[in-house]
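**Student:** Have a look at this prediction, sequence included:
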Amino acid sequence: MTTPIRSRQRTKQPAAARRPVPRARAGAQGRTQQRGRNSKRKPARNGASEAIAPEKRVASGRLSSRLRAVRPALAKLFARREGTRATTSSPRAEPKHREPREWPRRLGKVALKLGATVAVAWGLLIAGREVYEYATTSTRFEVQHIIYDRSPHVDDDQLRELLAIEPGTNILACDLAELSERVAAHPWVAMATVTRNLPDTLGIEVVEHEPAAIVLAGRFYLVNGEGQPFKVVERGERSELPIITGVERSALAEADGQAIPQLVTALDVIRVYQSKQRPRLGELHLDDDGSLTLYTAEAGTQLRLGRTDFETRLGRWDALRAALGDRADHLAVVHLDNESKPDRRDRVVARFATEHDEAVLLAQAASALESDDEAREPTAKPAADLTPAERRAQRRNRIPSYE
């Protein structure tokens, strides 16, 4: 008996049922179906056919779909790692030869930068020139005010006369150094500084000489603390300054406004004398041998100091005055040097004025008062050749009073 053969006929599905299946699902379903077919074709070893459970088929499909979803991300991650390794392991080699078209581009950039720099510099130059022309020609920058601290011997009129600034003068056109020299030309001015305060103000700082003594060298001159004669004495300028004598007029001419060593030494002795309470000093005489002689203003006592050790010898004079009391005003001469006897240098020799000396003093003082001209002109007789009485009598003649 023959077995009939039946052919399988595929049932044609309608168009609505043939929908596109997602790739993941289609792949999973295809593999599941393939596995099903293989399982059907290959029987189990034990001879019994085993069917795959539907739950396992669904799980394997999900796993494969997830792997496909993360595959692009994994590919990118591995690509980055490979690129990093390639960069660290084998750096990119610079091309040995540049392309010939690169240098025109670089040259153009350099030319552009250079042109921009030149244009900016030229613009700044033109702008600065315009600003300068405006500042030097505008009425806003004309000198309108002068500010300065008042000084005892330089008033407003004298200062304006010294500056000699014409109306309408531009403040930027003023030479400050020249203006300072003009102000310093005043005999009382030791130093002057002129500053510019925009837009229309000049500031002036004046430092005057401080007279420390008067020097007699043909005429009477005021001397500052540095030993510089700076001005001829006029009325009202003597006050109670000590007189320095024994200086030649040629020494002042040679100094030409600079410090004179003889005057510096004399001023040092005057400072030492005035550092303590002593009778007012009237005169300091510079002898030819370099020794110094002092004369008190009221009593006319002569103090021979010698050439050195002035402070110690003035201390002996203080001790002598303390011992004599009021009688110290009647001393005619005090020898404080005692250089002729080295073993007795601490010894002080003094002599009081006699009645004859007092009579000569009064007679010569009366004759000196009769002539005003004689009272103003110094005598030709040097101080070293006079007796103490004659020296005191002629003091009004040698040191004229201007008050």
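**Tutor:** Now that the structure is in, tell me what you want to look at.

**Student:** Going by C-alpha atoms from here, please, whenever you check contacts or count neighbours.
**Tutor:** Noted.

**Student:** Low-confidence ranges, the chain, go.
**Tutor:** Along the chain, the parts satisfying pLDDT under 70 run over 1-63, 78, 80-101, 339-345, 355-403.

**Student:** ok, residues contacting stretch 240-253?
**Tutor:** Among residues not part of stretch 240-253, those counted as contacts by Cα atoms under 8 Å, 6 or more residues apart in numbering are 212-218, 229, 260, 262-263, 266, 281-288, 399.

**Student:** out of these, which are buried?
**Tutor:** Restricting these to buried positions leaves 212-217, 229, 260, 263, 266, 281-287, 399, with burial counted as 16 or more other Cα atoms under 10 Å.

**Student:** what residues does the host helix or strand of Leu324 touch?
**Tutor:** Assigned by DSSP states H and E, Leu324 belongs to helix 310-324. Helix 310-324 is contacted from outside by 269, 272-273, 278, 305, 328, 334, 336-337, 348, using Cα under 8 Å, 6+ apart.

**Student:** which one among these gets closest to Thr354?
**Tutor:** The nearest member of the contacts of helix 310-324 to Thr354, counting by Cα to Cα, is Ala328 at 13.7 Å.

**Student:** tell me the contacts of the closest one?
**Tutor:** By Cα under 8 Å, 6+ apart, the contact set of Ala328 is 320-321.

**Student:** the helices in the stretch 151-300 of the chain, which residues?
**Tutor:** 156-163, 176-184, 249-255, 261-274 (DSSP state H, counting those that start in this stretch).

**Student:** Can you tell me the SS state at Asn338?
**Tutor:** State at Asn338, reduced to three classes by DSSP: H, G, I helix; E, B strand; the rest coil: coil.

**Student:** what kind of secondary structure is Val70 in?
**Tutor:** Criterion first, three-state DSSP; result for Val70: helix.

**Student:** Now for it, how many residues are close by?
**Tutor:** Val70 has 10 neighbours, counted by other Cα atoms under 10 Å.

**Student:** Could you chop this protein up by domain?
**Tutor:** For the chain, automatic domain parsing gives the domain ranges 142-208, 211-398.

**Student:** got the ones you listed as a markdown table, with distance to Val118 columns?
**Tutor:** Below are the domains of the chain laid out as a markdown table (distance: least, Cα to Cα, whole Å):
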| stretch | distance to Val118 |
| --- | --- |
| domain 142-208 | 29 |
| domain 211-398 | 55 |
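
**Student:** Which one of these lies nearest to Arg105?
**Tutor:** Nearest to Arg105, of those and by Cα to Cα, is domain 142-208 at 49.2 Å.

**Student:** now for the closest one, what's the gap between its first and last residues?
**Tutor:** In domain 142-208, first residue to last residue: 29 Å (Cα to Cα, to the nearest Å).

**Student:** just stretch 238-249 next, same as before
**Tutor:** Note: stretch 238-249 ends 19 Å apart using Cα to Cα.

**Student:** returning to that earlier point: the helix holding Leu324 to helix 261-274, inter-axis angle?
**Tutor:** 40 degrees (axes from the mean of the first three to the mean of the last three Cα atoms, to 10 degrees).

**Student:** any idea of the angle whichever helix or strand comes after helix 310-324 forms with helix 310-324?
**Tutor:** Downstream of helix 310-324, the next assigned helix or strand under DSSP H and E is strand 331-335. Comparing the axes of strand 331-335 and helix 310-324 via the same axes, to 10 degrees yields an angle of 140 degrees.

**Student:** What distance do you get for Ala299 to Arg280?
**Tutor:** 9 Å.

**Student:** With distance to Thr169 added, can I get the helices of the stretch 151-300 of the chain in TSV?
**Tutor:** TSV is the format used below for these (distance: least, Cα to Cα, whole Å):
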stretch	distance to Thr169
helix 156-163	12
helix 176-184	13
helix 249-255	38
helix 261-274	44
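
**Student:** so what's Thr296 bridging to?
**Tutor:** Note on Thr296: beta-bridge partners Leu281, judged by DSSP bridges.

**Student:** Repeat that for Asn224.
**Tutor:** Pro211.

**Student:** Relative to Gly306, how far out is it?
**Tutor:** 24 Å.

**Student:** And the two? Which one has more around it.
**Tutor:** Counting neighbours by other Cα under 10 Å for Asn224 and for Gly306 shows that Asn224 has the greater number, 22 against 19.

**Student:** List the residues that contact that one.
**Tutor:** Asn224 neighbours (Cα under 8 Å, 6+ apart): 209-213, 230.

**Student:** can you rerun that using 10 Å?
**Tutor:** 190, 208-214, 230-231, 259, 263-264, 267 (Cα atoms under 10 Å, 6 or more residues apart in numbering).

**Student:** circling back to that earlier point, next, the buried residues of the helix holding Leu324.
**Tutor:** For helix 310-324, burial by neighbour count (16+ other Cα under 10 Å) applies to 310, 313-314, 317, 320-321.
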